[in-house]
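Asker: Here's my sequence, what's the structure:
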Amino acid sequence: MIGNARAYRAIIPVQHGLRGTLRAVANSRRRLMVKTSRRCSSTEATDTTNHNMLIDRDTGIVWETLSSSPSSSGDSQHSEATNNRLRPLYQTIIGIEIHAQLSVPTKLFSTAPTRQNHSNTFERNDAVSANVFVHPYDMAYPGTLPSLSMSAVKASVISAAALNCQIHETSRFERKHYFYPDLPNGYQITQQRWPLASNGFVDFRPWSNNQRQLKKGKQNTNLRRGKPTNCNKKHDVSAKVIMQSNQGESENIQLRIERIQLEQDTGKTITNSIASASQSQIDLNRAGCALIEIVSHPDLRSAHEAAGVVEKIRKLLKHVGTCDGRMEEGSLRCDLNVSIAPIFEGDLAPSHIQRSKLPEGNGHRVEVKNLNSLRQIISAAEYEVLRQSILARNNTPTGRETRTFHVKPISKEFPFGGETIIIRKKGDSVDYRFMPEPDIPPLILDEESLGSNLNLEEFIEENMPELPEETVARLMNDYRISQDVADVIINDPPAIKLFEHAVETAKMELNYNESPDPVPTMVGNWLCNDLFALVKKSATEDGNGNSALETDSGEESYGSLNHPISVEFSTVKGDRLGSLIAMIANGIVSTSMAKKILIIMFKEDLQSSPMEIAKSNGWRVISDMNTLIQLCESVVFDPQNSSQLDQYRKGGKFQWKIEKFLIGKVMVASNGNAHPECMKEALSSVLQQVTSSSPQ
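Answerer: Next up is the predicted model:
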C-alpha cells in the first residue's frame, strides 16, 4: 500500500543499515527532543540500496520510501517523493507496566519506615544515608516473618478504584523466584496469578511536545516553532494543525488495564567507579516498600501514547494521594513491552486500527526496564521500534529479551546516548517458579481487614477522594474560573484546599455576594502565578541563588530540590492570601504593593497579616479626593516647580509633557501610594484652576 503521508507528520528518518542508521536516528531524535517544537527532521540518511525508513511519531507507523533521496538543491523533488512515495511497513505495539510506590508510613511486610514518610520534613536524596530504613525482615534475616501493612492494602484499593478496576475481595500472595543482588530473599512477594484487581481502564490523551511549554504558562498562540528544513510550506501547515490538535482537542484514547497487583520493591544497586575498576554497593532503604504494579494490555500504538498514559496515571495517583509520583526518585517507574506488527496491503487506515486485539504477524515483545521520565519513555520506545524494524527488514527479527535504556553515551556509535542495551534473553519462557507464599494467608477485603464496619463497596465510596476531572468541573462550576487555572490548581492537590480557603477568607472580609464574583478569579491568578513562582524559587535556589536544572522529562529533579514544588511547603497559607486579595479588591493596596507584601509574607514575616505589613511599610492607596487635591496643590505650587508651572500657563505643544512631569512628582510625594486614576483626576482639577486664574 503506497500512500500519501501528508497527514502523518513528525517523521524521523532512518537509514536501512543497522549501525549507521541508529547513529543517525539518535542524533536526529536528540535534536527533535531537545527542540520540542520542531516536528520534522532536518536530515535524511540514505544508504546504497536506496531504502529509507521513517517513523511517524504520532501514529507509531514505520514507513519506507521507495525513491532515492534528491540532492540538496532539489527541495521540490524531495517534497514530492516524501508525499507520494511512502509505503507503511510496521505498526508500533506497546504495553506498559507501571510500578508505583505507595505513600504509606511503613514497608509492606515490616515496620521499617519508608524514606519519604519517616518524618514530616523533606530530605534531599544526597542527604539520606544508605541502609538506615531497614528491618531484619527486609534483609531476609532467618526466622523473621512478614506482617502485612493494612495501610498499603487500603492505598492499593483506592488506586485500583481510581483506575476503574474490578477489585477482588480475595487475593493471594506468591513468591516469584529470581536472583539479583538487591533482592535479599532470592524471591519477590507479589500477586501475579491472584491479583488484587483486574479489568480496569484509563482514558488519556497522547503526550505532546507542547505540554512542556504549557506547563510554563505559555499560551498556544505564543508557542514558538522552528521552521523545519527539507519541508515545504504545505508540510509546515499540516504540522501546525496536528500540534494544535494534540494540545487539547485530540480525542481520548482508552487503555485497558489487565491487572493491578500488590508487591514489594527491591533494593537499589549503586555502582561507583574506583580507579580502573567498578564497585557495586547495595542500599536496602527501598527494599520491601509497598508497590502496586499496573499491567496494561498492548493497546498503545506510539511512543507519545505511552508517555501520555504514564503521565495521566502519575497525576491520578498523586491526586488521590496514594503515590507522590516523583519519577526521578524512583517512586514511579515504567517498563515498556515493545513489538512491531507488519502492515499488509489493504489494511485499515492507522486511525481505525483496532486496539483491542493484536495485529496479524505481531513480533516478539522486548521488555525495556526501569524508565523514570517521560522523555526516556519516548526515546526508548522509538529507538526500540526502529531497531526491531531494521532487523525485521533484514530478515533477522528480534527474539524475546529484556533490555535497559541508557540515557548517557556508552558507545562511540551513540555519542549522545539514548540506546537500549540487552540485559538477558528470555528464550521461550522464564521460569520464575511461582509458589504460594506460605507465611501470608489470603488477603480478604472485609470489614475486619479494612479496619471499619464498612464492606468493600462502602469503604471505597467513603474514602475515594474527588477525581481530577470531577474537581476541574466543580471548580469551574462553583467558582467560575477558567479551565487553564483549574488544571494548574489540580496538578498540586494541596493547592485545591488553599484556593478554597483563600476565596472563603476574601469573601468574608469583603462581605461580597454579588454576581459575577471577581474574587475566585483574582485568587486563582495570584495562586497560579505569584505564589507558585515563589514556591518554585524557594525549592530550586541553592545558597548561591542558582536554580536547580530541569530534568529531561520536563519535571524538576527532586533530588536537587530543597523541597517539592508544592504549596504544601508555602509559608503563605489560604487565610493570609485571602486577606491580601481582599485588600486589593477594596483598593487598600495596589497590585505592585500587594506583590511586595506577598514576598515579605513568604520570605521574611511569616506571622503578620497583610494589613499589618502594609501599615508598617506605609503602603496604603490614597484615593480620597480631598487628600489628593491637597497633595497635587503642594506639588504644583512648589517653588521648585515654578518654571514648569509658568510654562504650563503659557500653553503650547509641551503642555502634556509638563503634566506628565507633575504626575511623577505627585507619585514621589505620595511615596507611590496615590491611586493613579484618582490622582490624575485631582491633578487635572488643580491645573484647570491654574489656567483659569492665569491672566489672559
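
Asker: can you map out the strands along the stretch 451-600 of the chain?
Answerer: Counting by DSSP state E, counting those that start in this stretch, one finds no strands in the stretch 451-600 of the chain.

Asker: which stretches of it have low pLDDT?
Answerer: Applying pLDDT under 70 to the stretch 451-600 of the chain picks out residues 512-516, 542-560.

Asker: Show the model's pLDDT score for residue 105.
Answerer: Per-residue confidence (pLDDT) for residue 105: 93.

Asker: Look up phi and psi at it.
Answerer: With angles defined as degrees, to the nearest 10, residue 105 sits at phi -70, psi -30.

Asker: isn't it right next to residue 113, touching?
Answerer: Yes. In this structure, residue 105 is within contact of residue 113 by CB atoms under 8 Å, at 6.3 Å. Backbone N, C-alpha and C define where each C-beta goes, glycine included.

Asker: who has more neighbours, those two?
Answerer: Between residue 105 and residue 113, counting by other CB atoms under 10 Å, residue 113 is the more crowded of the two (18 against 13).

Asker: Poorly predicted segments of the stretch 151-300 of the chain, please.
Answerer: For the stretch 151-300 of the chain (pLDDT under 70), the answer is 209-250, 273-277.

Asker: Please enumerate the helices of it.
Answerer: 210-215, 233-244 (DSSP state H, counting those that start in this stretch).

Asker: what about the helix or strand encompassing residue 92, distance to the chain center?
Answerer: Element membership for residue 92, per DSSP states H and E: strand 86-101. Centre-to-centre, strand 86-101 and its host chain are 20 Å apart (CA atoms, centre = their mean, to the nearest Å).

Asker: Stretch 652-666 too?
Answerer: Offset of stretch 652-666 from its chain centre (CA atoms, centre = their mean): 51 Å.

Asker: Could you pull out the helices in the stretch 501-650 of the chain for me?
Answerer: Secondary structure of the stretch 501-650 of the chain by DSSP H, counting those that start in this stretch: the helices cover 519-525, 532-540, 574-585, 591-603, 610-616, 625-636, 642-650.

Asker: Please convert these to CSV, extending it with mean neighbour count and distance to residue 447.
Answerer: Shown next, in CSV, are the helices of the stretch 501-650 of the chain (neighbours: other CB atoms under 10 Å; distance: least, CB to CB, whole Å):
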stretch, mean neighbour count, distance to residue 447
helix 519-525, 21, 41
helix 532-540, 18, 41
helix 574-585, 23, 37
helix 591-603, 17, 46
helix 610-616, 18, 49
helix 625-636, 17, 70
helix 642-650, 15, 85
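
Asker: In this structure residue 422 contacts residue 406, no?
Answerer: No. Contact between residue 422 and residue 406 fails when scored by CB under 8 Å: they sit 11.5 Å apart.

Asker: follow-up on the earlier one: pull out the buried positions in the strand holding residue 92.
Answerer: Residues 86, 88-101 are the ones in strand 86-101 that count as buried (16 or more other CB atoms under 10 Å).

Asker: Pull the distance from stretch 438-446 to the chain's centre.
Answerer: So, by CA atoms, centre = their mean, the centroid of stretch 438-446 is 37 Å from its chain's centroid.

Asker: circling back to that earlier point, kindly export the strand holding residue 92 (C-alpha atoms) in PDB.
Answerer: Included here for strand 86-101 are C-alpha records, laid out as PDB according to Å, rounded to 0.1, in the frame of the first residue of the first chain:
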ATOM      1  CA  LEU A  86       5.800   6.200   1.100                       C
ATOM      2  CA  ARG A  87       4.700   2.700   2.000                       C
ATOM      3  CA  PRO A  88       3.800   1.700   5.500                       C
ATOM      4  CA  LEU A  89       5.800  -1.300   6.800                       C
ATOM      5  CA  TYR A  90       5.200  -1.800  10.500                       C
ATOM      6  CA  GLN A  91       2.900  -0.700  13.300                       C
ATOM      7  CA  THR A  92       4.200   0.000  16.800                       C
ATOM      8  CA  ILE A  93       2.700  -2.200  19.600                       C
ATOM      9  CA  ILE A  94       3.300  -1.200  23.200                       C
ATOM     10  CA  GLY A  95       2.100  -2.400  26.600                       C
ATOM     11  CA  ILE A  96       3.200  -0.800  29.800                       C
ATOM     12  CA  GLU A  97       3.900  -1.900  33.400                       C
ATOM     13  CA  ILE A  98       3.900   0.900  35.900                       C
ATOM     14  CA  HIS A  99       5.500   0.400  39.300                       C
ATOM     15  CA  ALA A 100       4.100   2.900  41.700                       C
ATOM     16  CA  GLN A 101       5.500   3.100  45.300                       C
END
